[in-house]
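Peer 1: Any chance you could fold what I've pasted below:
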Amino acid sequence: MLQLPKLQRMRNLASTEEAYEQCRQITAKHSKTFYLGTLLMPPEKRQGIWAIYNWCRRTDELVDGAQACFTTPETLDLWEQQLESVFAGCPIDDTDVALVDTLGRFPIEIQPFRDMIAGQRMDLYRSRYETFEELKLYCYRVAGTVGLMTSPVLGFDERYQTAPWNTPEEKALVIEQAIKLGIAKQLTNILRDVGEDAQRGRIYLPLEDLALFDYTEEELLKGVVDERWRELMRFEIQRARKFYTEAEKGVGALSIDARWAVWAALMLYRGIFEAIERNDYDVFARRAFVPKLRKLTYLPVAWLRAQAL
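Peer 2: Numbering: from 1, shown residues only. Below you'll find the predicted structure:
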């Protein structure tokens, strides 16, 4: 795909409506929790989020997908060139059509997209992180950037934007909180997927944290669950929950028609921690997920928070 852009331009691409539908289907198939949250948004905003999600997923698939073994630094160079083409208004393939349309509707900058590609480059040559600060940079690139990509689509409350006490520094803080939500979600994914990542020889938990609880890389790769592991997981979950708490502070600055969806997504993702705890922290043999009925119970609470906070 990435090696034949000229050939792709020669064929007719999907219409804008068809492209958004493809993005919707991909979002619904691969991220049910996230998709549920997008359905709470107005149509134009949900379509924009689907287009961004699709691009992010395709970027992630280059390193984590079925064909990842064929991905090289040159592959990511070509992918970044395709990104430049999209931002220039020239879609290469069908779902690019939706992203080009979204870029025309909302003031989205290219740098977060470049940063995400840089995060995928890290996955090409790194399978371990010594410290949390190193992991945090990775989490920003592959997920915190999503907050920067989507904030222009979600929009900000007009009263917040025009209030004289909301200084540029305070507005920058809101953006920082959006980044923290992305980091929190990535930390959630890491804790949920420890077992799957171990099967691929990857350990995302900081090695300094493993050492703190006298737990070894070899034991993690073998899926050893004992009290040391449970204490380590409690430690990691507590830190990730702090990122969610910080992120909550910025939701109230968002446009009123976007808050419900963001609150719902925040609560649904954070609910994965409860599933991990119910599974007694065994993320090797059992995948943690939020049951559908429990997801539905979050929605009215999220709505109330969207109105009051």
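Peer 1: so where's the chain uncertain?
Peer 2: Applying pLDDT under 70 to the chain flags the ranges 1-11, 159-170.
Peer 1: Was I right to think Val142 contacts Ala118?
Peer 2: No: using Cβ atoms under 8 Å, Val142 makes no contact with Ala118, being 9.1 Å away. No exception for glycine: its C-beta is placed from N, CA and C like everyone else's.
Peer 1: Which of those two has more residues huddled nearby?
Peer 2: Taking other Cβ atoms under 10 Å, Val142 and Ala118 do not tie; Val142 has more neighbours (26 against 17).
Peer 1: For that one, give me its contacts.
Peer 2: 60, 116, 119-120, 123, 186 (Cβ atoms under 8 Å, 6 or more residues apart in numbering).
Peer 1: same deal with Pro206?
Peer 2: By Cβ under 8 Å, 6+ apart, the residues touching Pro206 are 129-132, 134-135.
Peer 1: what's the spacing between it and Thr59?
Peer 2: 24 Å (Cβ to Cβ, to the nearest Å).
Peer 1: check contacts around Glu84.
Peer 2: Ile110.
Peer 1: tell me the secondary structure for it?
Peer 2: Counting by DSSP: H, G, I helix; E, B strand; the rest coil, the backbone at Glu84 sits in helix.
Peer 1: roughly how far apart are it and Asp96?
Peer 2: For Glu84, the distance to Asp96 equals 12 Å [Cβ to Cβ].
Peer 1: do the same with Tyr140
Peer 2: Relative to Asp96, Tyr140 is positioned 25 Å away (Cβ to Cβ).
Peer 1: What are the boundaries of the strands in the protein?
Peer 2: Taking DSSP state E, the chain contains no strands at all.
Peer 1: so how far is stretch 209-226 from its chain's centroid?
Peer 2: 26 Å (Cα atoms, centre = their mean, to the nearest Å).
Peer 1: ok, residues contacting that stretch?
Peer 2: Residues from elsewhere that reach stretch 209-226 (Cβ under 8 Å, 6+ apart): 128, 132, 194-195, 198, 201, 203, 205, 207, 228-229, 231-232, 235-236, 280-282, 284-285.
Peer 1: Now with 6 Å, please.
Peer 2: 198, 203, 228, 231-232, 282, 284 (Cβ atoms under 6 Å, 6 or more residues apart in numbering).
Peer 1: same deal with stretch 260-279?
Peer 2: Taking Cβ under 6 Å, 6+ apart as the rule, stretch 260-279 contacts 33, 37, 40-41, 185, 188, 192, 237, 244, 251, 286, 288-290, 295, 298-299, 302-303, 305-306.
Peer 1: Which ones among these map onto helices?
Peer 2: Among the contacts of stretch 260-279, the members falling in helices (DSSP state H) are 33, 37, 185, 188, 192, 237, 244, 251, 295, 298-299, 302-303, 305-306.
Peer 1: nearest to Ala172, of these?
Peer 2: Val251 (16.3 Å; Cβ to Cβ).
Peer 1: For that closest one, list the residues it contacts.
Peer 2: Residues counted as contacts of Val251 (Cβ under 6 Å, 6+ apart) are 259, 262-263.
Peer 1: same deal with Val146?
Peer 2: The contact partners of Val146, taken as Cβ under 6 Å, 6+ apart, are Gly182.
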